[in-house]
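Undergrad: Just a sequence and a predicted model for now, questions to come.
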Amino acid sequence: MRRVVISGIGLIGPTGIGLDPFWSALVEGRCAIERITRFDPSTYPCQVGGEVRDRAYETVLDPRTLRTTAHATQLALAATHYALEAARLPADGAAGPSAGVSLGTALGGGREAEQQHSILLERGLRRVNPFIANGTPAHAAAAEVASALHAQGAQVTFSTGCAASLQAIACGATLVATGELDVCVAGGTDSPLTPMVIAGMSRTQELSTLNDTPHRACCPFDRRHAGLVLSEGSCVTVLEPLERALRRGVTPWAEVRGGATSCDGRGLYSFDPTGEPGARAIGWLLDRLGLAAGDVDYVCAHANSSPAFDRKEATVLTRAFGAAVARLPVSSIKGVLGHPFGASGAFQVATACLALQRGLIPPTHNLEEPDPACALDCVAGAPRPASLRHTLVTNYGYGGVNAYLMLSRPQP
């Protein structure tokens, strides 16, 4: 099995384009959540979200792509462009049978599907965009990225909800480790800020209603947490063997040690209250990597300001790490970023990479009074300097999915 590293990261989100504005927002606590402008949200219980407002990424896409693809696909294509650029790879450096794509998304082109359905009803069949029917399925983004790169290896799409992009990166790393691929573009993309999604999740009371204070609407692990705040974006990594990256003179961001996944098996809206399925997956991952609980230096947590998800996270980590959990720093980026659904894990992977390289754990923004049911060492207030060796990224989703990825500081 080959050692797999992340040699490039491309990121487009509510914080802007690129890693520098993203990291600055995380460590300074500059929240990117604002009132939704995509549509008039005034009649909705939740009126805030994390929109991609910097459209400079469109300059790396051709006009036809902007006409014929969904927003989530456009974000993925542009993030891939920036990731390859960061890895010092030209587009044809990810081409051929040894190059592949592994992406995750929860909703794919759901935004355009809603729009075109309204056009069909209001203006008739001949006004429907003929390209969007094929451009809205979950796998469309991976297909378009593979086409843009002329990649002819594996083309994989995960659509497992919030855990999709973390599972996609784990899958891509496995394909590279086994030698099936020499380079894999892996990550996630989602654009869930649509009237139907906001309406539906408002009806199930899953979204925050703190509309008067958008910057405080998402508060993971805090006693005030009362619902998640949706956001959008794409984060893409370049995965390749360590030796290949070093030959090009590229300093890897992190080594991908491996992933694990499980599910609670209790339907879409129920979790296992014991946390055993998630803890079992973490334990299996630690055993496979030869790591003890005390070897993990930081958990970049899924925690999205939903009381159910935040408390599940605390339950799982406490069960998995036992006494060591009291000394295990945990933080969530969602108070700044919001929750970009299927792209969530990829943004967390970028955060873990930055933390490893810069020796700094970003704080959980808006964590002021911890929920007693979330008794963890939650980093809050200010970034925490730390010498990090191994970081665990966690994701949980509807349907009880549990996903984990271990990243380590690259060693020769």
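TA: Nice, I can see it.
Undergrad: Quickly find the element holding the closest residue to N129 other than its chain neighbours.
TA: Leaving aside its sequence neighbours, N129 sits nearest to Q116 (Cβ to Cβ, 6 or more residues apart in numbering; 5.9 Å). In this view, the C-beta of every residue, glycine as well, is placed from N, C-alpha and C. Here Q116 is covered by helix 110-123, with elements defined by DSSP states H and E.
Undergrad: Same question for S344.
TA: helix 344-358.
Undergrad: got the buried residues for that helix?
TA: Neighbour counts using 16 or more other Cβ atoms under 10 Å place 344-357 of helix 344-358 among the buried residues.
Undergrad: Report the distance from stretch 46-60 to the chain centre.
TA: Its chain's C-alpha centre and that of stretch 46-60 lie 16 Å apart, by Cα atoms, centre = their mean, to the nearest Å.
Undergrad: so A142 touches L103, yeah?
TA: Yes. Counting by Cβ atoms under 8 Å, L103 is a contact partner of A142 at 4.4 Å.
Undergrad: For the closest residue in space to P370 that isn't next to it in sequence, what are phi and psi?
TA: Once flanking residues are discounted, P370 sits nearest to F221: 5.8 Å by Cβ to Cβ, 6+ apart. When quoted as degrees, to the nearest 10, the phi and psi of F221 stand at phi 70, psi 0.
Undergrad: thinking again about what came up before, make sure the residue nearest to N129 is actually in contact with V128.
TA: Yes. Using Cβ under 8 Å, Q116 is in contact with V128, at 5.3 Å.
Undergrad: For the two, work out which one has more neighbours and name it.
TA: Higher neighbour count among Q116 and V128: Q116, with 19 against 15, using other Cβ atoms under 10 Å.
Undergrad: and that one, what does it touch?
TA: Counting by Cβ atoms under 8 Å, 6 or more residues apart in numbering, Q116 makes contact with V128, N129, I132, A133, T136.
Undergrad: okay, who's weakest in those by pLDDT?
TA: Taking the contacts of Q116 together, the minimum pLDDT is found at A133 (74).
Undergrad: what does the helix or strand where that one lies contact?
TA: Using DSSP H and E, A133 sits in helix 132-135. Outside of helix 132-135, the residues within contact range by Cβ under 8 Å, 6+ apart are T68, T69, A70, T73, G109, E112, A113, Q116, A140.
Undergrad: Give me the distance between it and the centre of its chain.
TA: The answer for helix 132-135 is 24 Å, by Cα atoms, centre = their mean.
Undergrad: got the contact list for the next helix-or-strand element following that helix?
TA: On the C-terminal side of helix 132-135, the closest following helix or strand by DSSP H and E is helix 140-149. The contact list for helix 140-149 (Cβ under 8 Å, 6+ apart) reads 65, 69-70, 72-73, 76-77, 80, 84, 91-92, 94-95, 99-103, 105, 108-109, 134, 151-152, 155-157, 185, 189.
Undergrad: which residue packs closest to R266, ignoring adjacent ones?
TA: G400 (5.4 Å).
Undergrad: what residues are up against the one you found?
TA: Counting by Cβ under 8 Å, 6+ apart, G400 has contacts C263, D264, G265, R266, G267, S270, F271, D272, P277.
Undergrad: Swap in 6 Å and give it another go.
TA: C263, D264, R266, F271 (Cβ atoms under 6 Å, 6 or more residues apart in numbering).
Undergrad: ok, now which ones touch the first one?
TA: For C263, the set of contacting residues under the criterion of Cβ under 6 Å, 6+ apart consists of G400, V401.
Undergrad: Dihedrals phi and psi, it?
TA: The phi and psi values for C263, taken as degrees, to the nearest 10, are phi -140, psi 160.
Undergrad: Show me where the protein has its helices.
TA: Shown for the chain, the helices assigned by DSSP state H span residues 19-28, 63-68, 71-86, 110-123, 132-135, 140-149, 164-177, 195-203, 242-247, 276-289, 307-321, 334-337, 344-358.
Undergrad: Tell me which of these lies nearest to C300.
TA: Of all these, helix 344-358 sits nearest to C300, with 4.6 Å by Cβ to Cβ.
Undergrad: and the angle for the closest one with helix 71-86?
TA: Interaxial angle, helix 344-358 versus helix 71-86 (axes from the mean of the first three to the mean of the last three Cα atoms, to 10 degrees): 20 degrees.
Undergrad: the inter-axis angle of helix 344-358 versus helix 164-177?
TA: 60 degrees.
Undergrad: Rounded mean pLDDT for helix 344-358, please.
TA: Rounded mean pLDDT across helix 344-358 is 98.
Undergrad: what sits up against that helix?
TA: By Cβ under 6 Å, 6+ apart, helix 344-358 touches 6, 9, 11, 23, 162, 165-166, 169, 187-188, 235, 253-254, 300, 333, 361, 388, 391, 393, 395, 407, 409.
Undergrad: what about E243, neighbour count?
TA: A total of 10 residues lie near E243 under the criterion other Cβ under 10 Å.
Undergrad: In strands, which of the contacts of helix 344-358 fall?
TA: Those of the contacts of helix 344-358 mapping onto strands are 6, 9, 11, 187-188, 235, 254, 300, 361, 391, 393, 395, 407, per DSSP state E.
Undergrad: Just the buried ones from the residues you listed, in PyMOL syntax?
TA: Typed into PyMOL, the next command selects the buried ones out of those (criterion: 16+ other Cβ under 10 Å):
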select buried, resi 6+9+11+187+188+235+254+300+361+391+393+395+407
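Undergrad: Isn't T194 up against A113?
TA: No. Here T194 does not reach A113: they are 8.8 Å apart, not a contact under Cβ atoms under 6 Å.
Undergrad: Contacts only, for A170.
TA: G259, L405.
Undergrad: Please tell me how far it sits from N395.
TA: 10 Å (Cβ to Cβ, to the nearest Å).
Undergrad: now do T364
TA: Distance from T364 to N395, by Cβ to Cβ: 16 Å.
Undergrad: do the same with F221
TA: For F221 relative to N395 (Cβ to Cβ), the value is 16 Å.
Undergrad: circling back: surely the residue nearest to P370 is in contact with C378?
TA: Yes. In terms of Cβ under 6 Å, F221 counts as a neighbour of C378; the distance is 5.1 Å.
Undergrad: shouldn't F39 be in contact with T194?
TA: No. The pair F39 / T194 is not scored as a contact, 7.8 Å apart, by Cβ under 6 Å.
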